[in-house]
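1. Sequence first, predicted coordinates after that:
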Amino acid sequence: AQSVTQLDSHVSVSEGTPVLLRCNYSSSYSPSLFWYVQHPNKGLQLLLKYTSAATLVKGINGFEAEFKKSETSFHLTKPSAHMSDAAEYFCVVSDPMDSSYKLIFGSGTRLLVRP
Amino acid sequence: DTGVSQDPRHKITKRGQNVTFRCDPISEHNRLYWYRQTLGQGPEFLTYFQNEAQLEKSRLLSDRFSAERPKGSFSTLEIQRTEQGDSAMYLCASSLTGADVGYFGAGTRLSVL
C-alpha cells in the first residue's frame, strides 16, 4: 500500500530564511507524488507534482521538491520564506496503477514564519 | 470557471439529525471525489464518481453515508443519524480525468453537537 510520512508536524522559520519540509514515501513502485498547501478557510492548492519525469520538480511560489528514490524521500524546499507561506502543507501520494487516482495524504506540516 | 464550489461552508447539527452537503465541480470535469479531514490530520478518501457512476467507496464510508451524482454534474453527500465522530471538514475535488490534477473546494465544516 502507498503511504507518506511527514517527519515534522510543525516547522518554524524566520522570514527570508530557507524552508525545508520533509516527506518520506512508501510504495511498491514509482508513485506519483504531490505537495499541496492549505491556507485557513481556503481549498487545498497544488504546489507541485512528480510523475517520473525530472527528479527535481519546480512548483508555484518558488517551491521545489526533489524525488530521491534511494532515500524514498520527496522533501519540499524554498530558498527564502515569506510571511504569506505560513500554512499547512501536505505531502501526497497517488498510485498510478490505481484507476481511481485517489490521493493519500500525509498528516501535514504546519509552517510558521516569524517576522 | 469558478472552481469547485461547496455548500454550505459550515453546518452545525445535533446528534441524530441528517445532513446533506453539495459539491459543484468545475464544469466538464468527469471525476468527482469526496474526502474527509479531521482536526490535525490530512484528508482521507471517501468515495469518487466517474460521471454519474460511483466507482469506489472507502471503508470509512459507513452505511449512514450516501453520495450521489445525478446526471454527472453536482454531487451530494448525505449523512444520516449524525454522530459526534462525524465532525470534520468534508472536501470535494474534481478533475477532468483521473490522471489530471484534482482541484479542491474550500470544504464544508460539520460540527455535530
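-> Perfect, thanks for sending it. Because the structure is predicted, anything quoted here is derived from the model rather than measured. Numbers count the residues shown, from 1 in each chain, chains lettered A, B, ... in the order given.
2. Briefly note if stretch A:66-85 comes near chain B.
-> No: using Cβ under 8 Å from any Cβ of the partner chain, stretch A:66-85 never reaches chain B; the gap is at least 14.5 Å. Bear in mind the C-beta positions are built from the backbone N, C-alpha and C, glycine included.
3. Could you find the closest non-adjacent residue to A:K42?
-> Once flanking residues are discounted, A:K42 sits nearest to B:A106: 5.9 Å by Cβ to Cβ, 6 or more residues apart in numbering or on different chains.
4. And B:G16, by the same measure?
-> B:R81 is the one closest to B:G16 (Cβ to Cβ, 6+ apart), at 5.6 Å.
5. Tell me the residues of chain B that contact chain A?
-> B:3-4, B:31, B:33, B:35, B:40-45, B:48, B:55-56, B:91, B:93, B:95, B:98-99, B:101-107.
6. ok, the residue nearest to B:G16 to B:V112 distance?
-> 10 Å (Cβ to Cβ, to the nearest Å).
7. Look at these two and report which has more neighbours.
-> Counted by other Cβ atoms under 10 Å in any protein chain shown, B:R81 and B:V112 do not tie: B:V112 has more neighbours, with 19 against 11.
8. check contacts around that one.
-> B:V112 sits next to B:13-15, B:82-87 when contact means Cβ atoms under 8 Å, 6 or more residues apart in numbering or on different chains.
9. give me the element the residue most central in space within chain B is part of.
-> With the centre of chain B defined as its mean C-alpha position, the nearest residue by Cα atoms, centre = their mean is B:W34, 3.6 Å away. Element membership for B:W34 (DSSP states H and E) is strand B:31-37.
10. Which strands border that strand, and is each parallel or antiparallel?
-> strand B:44-50 (antiparallel), strand B:88-95 (antiparallel) (DSSP bridges).
11. for these, which one ends up most surrounded?
-> strand B:88-95 (a mean of 23; mean count of other Cβ atoms under 10 Å in any protein chain shown).
12. Moving C-terminal from that strand, which element do we reach first?
-> As assigned by DSSP H and E, the chain's next helix or strand after strand B:88-95 is strand B:103-104.
13. In chain B, what residue comes closest to chain A?
-> Per Cβ to the nearest Cβ, B:G42 is where chain B lies closest to chain A, at 3.0 Å.
14. ok so that residue is a helix residue?
-> No: using DSSP: H, G, I helix; E, B strand; the rest coil, the secondary structure at B:G42 is coil, not a helix.
15. gap between the residue of chain A found nearest chain B and B:G98?
-> Using Cβ to the nearest Cβ, the closest approach of chain A to chain B is made by A:F105 at 3.0 Å. Applying Cβ to Cβ, the value for A:F105 to B:G98 is 17 Å.
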